[in-house]
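Student: Whatever this is, show me its structure:
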Amino acid sequence: MPRTLPQIRAVRQDGFHFDSGDISNGRETAERIYSAICGYVDEGSASTFKQRAKDSLITVFEACNKFSGLYKGNRGGKLVWELIAQEVILYTDLIASDVKTVVDVMVRARRNYSGQTRPTRLTSLVDKFISADEEMRRLGPATTTTLTINPAGARIANSDVDSLARTLRGAGINAEWPPSYFTTGDLVSLADDQVQEALGTIHGGSPDSNIACPTFVSIPIDLRIFLCRLGLVYYRPEKNWALSLSAVGFFNNVHRQDWYGVMGRQWKVLWTLDRFLDSARDAFTSRGKEFYVGVLVHWLHKAENIERSIDVTQTDPLQIWAEHRGLRRYGTVMVLRRVNFKLQVIWYDPWLHNPAVKEPYLTRQTEIFEYRSRVVERIQVWAQGMVVPIHSRYLGGIGAGVGGHDSVTMSMKWLGNLISAPAGMGAMFPDPDDEREFRRQGFIKTDEE
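Tutor: Residues are numbered from 1 along each chain as shown. This next block holds a predicted model:
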């Protein structure tokens, strides 16, 4: 949507001196930022835009100051901007680099201001962040890109890290908090306030102790909490596998944007398939893993067919869709396996061997088949981009005998059994070329290069 003069003027708040020109040199970036900060052009007057911009910028800088300790410890790195982007709820979504652009522009405008005005909530927040930024620049180069506590006093948000670490140790998770061997993307998931609150209540026992296994109508944060719990319990750096700590709910960012007005903050919790594949590439090429695993949850409805919240900054869209039976998700588990210089795709899908799973979707089977095709096509394109041939693809698998008609529950249980195997993940699957053993485990070969 093209930006308008009222939107541009709305961002120019009192107490700031802005450079001439747009908020960003990139047209598409500028349009995203103005829409996120001010809302759409047909939804208000110039004065409305001005107030919206002020409220939005306050939200952004409240998040910046919430993570100021991490900002200093991480030296303003990618991780902190991912966390800030996850935290803020605006009129449309901004990716991490967009949020950084907004902050950089406002900080520069505040520093360039030489007038005399009464302090406002916004100017005070920006001044506070400028102080944190100046302190960060005096610290010198960062020695780590993780959330590990360092001399700068970096912490996750405002959590009581020591207390949380003690709780996790009591649950058998004997590692520093947060474990330094997780990736930036993993740490963004672990640093979620709701995740930490849930992790702070767990105790020893089974992987889902005190944390209910998600269902096909669970809200996305419940999926993330369960996956983080599994990752913390079972993953260690010496393992030959890695796990996405966020479920995959969208194909790409364009698909995600379609759901923003329906899901609000919960929309931010789910990964795109593109991001999952980027993380898989890192696991294979940078960390030497043999397997990369993730849970896929797909909505069969289209976002435009569901009631939307006009202002997600004021209304929680969860009230609209959380218990809507028509919004049930279809769950599967994707396992990508490195086989020498090829890729094997093992896709656990309870559809093939659990007739009850089909019952809620009898009128939407075509959409599930189309969804599978799109996922396979995207993986094929991704593999070609890395010049990695597809070794083989398998679909199906025999589940854990739990979950009834709920594909999400069955997928989570199957995943738990997979990553908790004492003999390791490699022992859970046949030799890559043993098609007969794959069939015995309930998989069918769907294609081969």
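
Student: C-alpha from now on. contacts and neighbour counts both.
Tutor: Fine.

Student: Residue ranges in the stretch 101-250 of the chain under the pLDDT threshold?
Tutor: Scanning the stretch 101-250 of the chain for pLDDT under 70 picks out 141-178, 200-210.

Student: Now do the one helix or strand residue 127 maps to: which elements does it pack against?
Tutor: Assessed by DSSP states H and E, residue 127 sits inside helix 121-137. Helix 121-137 sits against helix 46-66, helix 68-73, helix 96-112, with contacts defined as 3 or more C-alpha pairs under 8 Å, 6 or more residues apart in numbering; DSSP states H and E.

Student: tell me the angle of it relative to helix 46-66?
Tutor: Counting by axes from the mean of the first three to the mean of the last three C-alpha atoms, to 10 degrees, helix 121-137 lies at 30 degrees to helix 46-66.

Student: Was I right to think residue 332 contacts residue 348?
Tutor: Yes - counting by C-alpha atoms under 8 Å, residue 332 touches residue 348, with 5.7 Å between them.

Student: Quickly list what's touching both of the two.
Tutor: Counting by C-alpha atoms under 8 Å, 6 or more residues apart in numbering, the shared contacts of residue 332 and residue 348 are residue 411.

Student: if we can go back for a sec, list the buried residues of the helix holding residue 127.
Tutor: Neighbour counts over helix 121-137 (16 or more other C-alpha atoms under 10 Å) mark 122-123, 125-130, 132-133, 136 as buried.

Student: Check stretch 280-292 too.
Tutor: Within stretch 280-292, the residues that count as buried by 16+ other C-alpha under 10 Å are 280-281, 283-284, 289-292.

Student: could you redo those residues as a markdown table and give each row distance to residue 442 and pLDDT?
Tutor: As requested, the buried residues of stretch 280-292 are arranged in a markdown table below (distance: C-alpha to C-alpha, whole Å; pLDDT from 0 to 100):
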| residue | distance to residue 442 | pLDDT |
| --- | --- | --- |
| 280 | 25 | 96 |
| 281 | 27 | 96 |
| 283 | 27 | 95 |
| 284 | 26 | 96 |
| 289 | 25 | 96 |
| 290 | 22 | 97 |
| 291 | 19 | 97 |
| 292 | 20 | 98 |
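
Student: the domain parsing of the protein - what is it?
Tutor: Here the domain assignment for the chain is 5-137, 161-447, based on automatic domain parsing.

Student: So what would you say the end-to-end distance of the shortest one is?
Tutor: One end of domain 5-137 to the other measures 35 Å (C-alpha to C-alpha, to the nearest Å).

Student: residues of the helix or strand that contains residue 298 that come out buried?
Tutor: Counting by DSSP H and E, the element that carries residue 298 is strand 291-299. Buried residues in strand 291-299, defined by neighbour count with 16+ other C-alpha under 10 Å: 291-299.

Student: which residues does residue 330 contact?
Tutor: 216, 296-300, 407-408.

Student: make it 7 Å
Tutor: 216, 297-299, 407-408 (C-alpha atoms under 7 Å, 6 or more residues apart in numbering).

Student: By pLDDT, give me the weakest of these.
Tutor: pLDDT is lowest at residue 299 among the contacts of residue 330; the value there is 74.

Student: ok, now how distant is the residue nearest to that one when sequence neighbours are not counted from residue 258?
Tutor: Spatially, and ignoring its direct neighbours in sequence, residue 299 is nearest to residue 329 (4.9 Å; C-alpha to C-alpha, 6 or more residues apart in numbering). Counting by C-alpha to C-alpha, the gap from residue 329 to residue 258 is 16 Å.
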